[in-house]
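**Student:** Curious how this folds, go ahead:
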Amino acid sequence: MRIVVAMLLLCASIAAEAMSYSFVCKASGRLGRPIRFEFYGDSSTIPKTDIKSFTVSMRTDDDRWTAMWSIVGHRNLTQPIEYGVTPPGFTTMIRPQKLIPGHVYAGFATDGHGGSGVTFGFDKNGTMIFPDSFDQ
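**Tutor:** So this is what the prediction gives:
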């Protein structure tokens, strides 16, 4: 009986993983210049335009996250999202706050079926960096 239960649990987890949906979120830019977020589906060459919400959060000193900017929308994107610039067809839910060096940020987008995120920060020169862990 234990073997049957174990097999059922294994099959359920495989099915759930197969049904999960995600996409790729990429960030680029530097402080003092536009910070852009782009989204791609299975093919990394075709932009994903059906983003429904996007939020940038900052990791706090007590290991929590606080939203720095958040938008929701109902129209397809026609270009990458630029930090602080609300695209046409989107509404600002949380107004943008200043990004500063030495903090860890996360951008997270959803499309109504799944989501994707990117973790980033800025060094003291304003160059965007992508920490391997949240503790950097």
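
**Student:** Pull stretch 111-124 out as CSV, backbone CA atoms only.
**Tutor:** This file holds the C-alpha atoms of stretch 111-124, laid out as CSV (Å, rounded to 0.1, in the frame of the first residue of the first chain):
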residue,chain,number,x,y,z
ASP,A,111,0.9,36.9,-17.0
GLY,A,112,-2.1,35.3,-15.4
HIS,A,113,-0.8,31.8,-15.9
GLY,A,114,2.6,32.0,-14.2
GLY,A,115,5.4,34.3,-13.2
SER,A,116,9.0,35.1,-13.5
GLY,A,117,11.5,37.1,-11.6
VAL,A,118,15.0,38.5,-11.7
THR,A,119,17.2,39.4,-8.7
PHE,A,120,19.6,42.3,-9.2
GLY,A,121,21.5,45.1,-7.5
PHE,A,122,23.9,47.9,-8.2
ASP,A,123,27.6,48.3,-7.3
LYS,A,124,29.0,51.6,-5.9
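
**Student:** Next, the contact list for Pro88, please.
**Tutor:** 75, 78 (C-beta atoms under 8 Å, 6 or more residues apart in numbering). (Each C-beta comes from the backbone N, C-alpha and C, glycine too.)

**Student:** same thing with Ala109?
**Tutor:** Ala109 touches 23, 25, 37, 39, 51, 53-54, 115-117, counting by C-beta under 8 Å, 6+ apart.

**Student:** let's see it at 7 Å
**Tutor:** 25, 39, 51, 53-54, 115-116 (C-beta atoms under 7 Å, 6 or more residues apart in numbering).

**Student:** next one: Glu82
**Tutor:** Taking C-beta under 7 Å, 6+ apart as the test, what Glu82 contacts is 34-36.

**Student:** Out of those, which sit inside strands?
**Tutor:** 35-36 (DSSP state E).

**Student:** So which of the contacts of Ala109 belong to strands?
**Tutor:** 25, 39, 53-54, 115-116.
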